[in-house]
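Asks: Structure of the sequence below:
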Amino acid sequence: MVRLHFAEIGLDTPKNPRIKRSRVFDVEIQGKKKEKNFNIEAVAGGVNLNATLEYNDVHVRDNRLEIHLYWSGKGSPFARYRGPLISAISISPVPKRHLKLSSAIIVGIVVSSILAVILILALFWKFGWLGGKNNKNVEQKGIELFPGGVLNFQQIKAGTNSFDPKNKIGQGGFGDVYKGVLRNGTIVAVKKLSAKSKQGAKEFINEIGTSYALQHPNLIRLLGCCAEQSELLIVYEYMENNSLEQALFGKQDIFFVHATRLKSL
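Replies: Coordinates of the predicted model:
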């Protein structure tokens, strides 16, 4: 803000009434004309009275402020009463106005942000990017097909030594099979399916339903299942001598008498 302070102190009443007593001049700041034909006495209301002009739209460039006061031919032609006159100049920076948000606007912004986050999370959950929706659906179906047989993932992971390749005993079209030991000492075979593929999830449901429905002394026994942390696991009874097919027709040195072969059918 630029303030220009004026006071007409050099005018007296001329002896010759024909002499015009009038000090008039122009004011220019930063190259822009601010006042034209400015008369101190007229603005102040008389001689020896103060008149102040304020300008809030002045922009300082390169730390330089230019103020010009000049006579443009108006007013008294006599040197005593002619030309600009100024008492003081004061300059102060204009404080920046901070935008004040109303309570309604703040509440609107907060609510909109919360709704946006909820919408994004809902989309992630819908498309399965949060890693929970698909597995929960599969696990629910597994519980319905095999009630009471849902096992803990950490327990199975510990029992297979984090699915150590050394414990791998087989491989199928939909996953690998690992040997493991549960906390109660039961030796199991864990089939690990791919939870990311729809085919693996479908195989998981089908295999649980089929194994639970076809319970027979000569068939491998289903002990439980697990659908956690993007993993689909089926836990079977561990067969020391592999499958019946391998025992009957494989290269293993396992001897079956005829009566035993008939009982297995």
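Asks: Could you tell me the model confidence score at residue 164?
Replies: At residue 164, the model reports a pLDDT of 92.
Asks: quick one: it and residue 185, what's the gap?
Replies: Separation of residue 164 from residue 185 (Cβ to Cβ, to the nearest Å): 19 Å. In this view, the C-beta of every residue, glycine as well, is placed from N, C-alpha and C.
Asks: And for residue 62?
Replies: In terms of Cβ to Cβ, residue 62 sits 87 Å off from residue 185.
Asks: And residue 164 and residue 185? Which one has more around it.
Replies: residue 164 (11 against 6; other Cβ atoms under 10 Å).
Asks: Residue 27: neighbour count?
Replies: By other Cβ under 10 Å, neighbour count at residue 27 equals 20.
Asks: And residue 238, by the same measure?
Replies: The tally of other residues near residue 238 (other Cβ under 10 Å) stands at 18.
Asks: show me what contacts the residue found closest to it once you drop the neighbours it is linked to in the chain?
Replies: Among residues not flanking residue 238 along the chain, residue 187 sits closest, at 4.3 Å (Cβ to Cβ, 6 or more residues apart in numbering). By Cβ atoms under 8 Å, 6 or more residues apart in numbering, residue 187 lies in contact with 179-181, 238.
Asks: How about residue 187: which residues does it bridge to?
Replies: Counting by DSSP bridges, residue 187 forms beta bridges with residue 181.
Asks: What confidence value was assigned to it?
Replies: Taking residue 187 on its own, its pLDDT is 90.
Asks: where's it relative to residue 74, distance?
Replies: Counting by Cβ to Cβ - residue 187 and residue 74 are separated by 113 Å.
Asks: Show me what secondary structure element comes after the lowest-mean-pLDDT helix or strand in the chain.
Replies: When the helices and strands of the chain are compared on mean pLDDT, DSSP states H and E, helix 133-145 comes out lowest with a mean of 49. The helix or strand immediately downstream of helix 133-145 is helix 153-159, counting by DSSP states H and E.
Asks: What is that following helix packed up against?
Replies: Under the contact criterion of 3 or more Cβ pairs under 8 Å, 6 or more residues apart in numbering; DSSP states H and E, helix 153-159 touches strand 175-181, strand 187-194, strand 222-228, strand 231-237.
Asks: Could you list the buried residues of the second one?
Replies: Looking back up the chat, that one is strand 187-194. 188-194 (16 or more other Cβ atoms under 10 Å).
Asks: any idea which of the residues you listed is least confident?
Replies: residue 194 (66).
Asks: List the residues that contact residue 33.
Replies: Counted by Cβ under 8 Å, 6+ apart, residue 33 has contacts 26-27.
Asks: now it: how far from residue 81?
Replies: From residue 33 to residue 81 the distance is 22 Å (Cβ to Cβ).
Asks: Repeat that for residue 189.
Replies: 116 Å.
Asks: if you average pLDDT over each of the helices and strands packed on helix 153-159, which comes out lowest?
Replies: The bottom spot among those, by mean pLDDT, belongs to strand 222-228, with a mean of 82.
Asks: Check which helices and strands that strand sits against.
Replies: Looks like strand 222-228 contacts helix 133-145, helix 153-159, helix 198-213, strand 231-237 (3+ Cβ pairs under 8 Å, 6+ apart).
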